[in-house]
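Peer 1: Predicted model and sequence below, questions to follow.
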Amino acid sequence: MTVHVQGIWRHLFGLLVAAIAIAVIVLIWEYALDYLNGTPFEELRYAIFGVVVIGLLSGLNALMTKLM
C-alpha cells in the first residue's frame, strides 16, 4: 500500500511541475518575446523561443530524473 501512495505523490508532483512549466512557457510567449523587438534578434525571436522552451523542458526532465 505504501508503494501505491508514493506513486500517487510522484505523479501529483510531476503534474504540478508540468503545470508550472506550462505557465512559464505562456508567460515567456506573452511578455518576453517583445523584449527582442528592435534588436538584431527580432527576426529570430520564434527560433529563440523554441530553443528556450526545449532547454527548459530538457532541464526539467533532467531534474525530475534525478529527484525521482
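Peer 2: Nice, I can see it.
Peer 1: Please make it C-alpha for all contacts and neighbour counts, starting now.
Peer 2: Noted.
Peer 1: Flag the shaky bits of the chain, pLDDT-wise.
Peer 2: 1-7 (pLDDT under 70).
Peer 1: what are the ranges of the helices in it?
Peer 2: Under the criterion DSSP state H, the chain contains helices at 2-27, 45-67.
Peer 1: how about those helices in TSV, adding distance to G38?
Peer 2: Putting those into TSV (distance: least, Cα to Cα, whole Å) gives the following:
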stretch	distance to G38
helix 2-27	20
helix 45-67	11
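Peer 1: now the ones you listed in JSON lines, with mean neighbour count?
Peer 2: Formatted as JSON lines, these follow (neighbours: other Cα atoms under 10 Å):
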{"stretch": "helix 2-27", "mean neighbour count": "12"}
{"stretch": "helix 45-67", "mean neighbour count": "13"}
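Peer 1: Tell me which of the ones you listed sits nearest to N37.
Peer 2: Among the helices of the chain, the nearest to N37 by Cα to Cα is helix 45-67 (8.5 Å).
Peer 1: quick one: contacts for A23?
Peer 2: Residues near A23 by Cα atoms under 8 Å, 6 or more residues apart in numbering: none.
Peer 1: Please report how far it lies from W9.
Peer 2: 21 Å (Cα to Cα, to the nearest Å).
Peer 1: could you list every residue that touches the one residue sitting closest to the centre of the chain?
Peer 2: For the chain, the residue nearest the mean C-alpha position is A21 (3.5 Å; Cα atoms, centre = their mean). Shown in contact with A21 (Cα under 8 Å, 6+ apart): 56-57.
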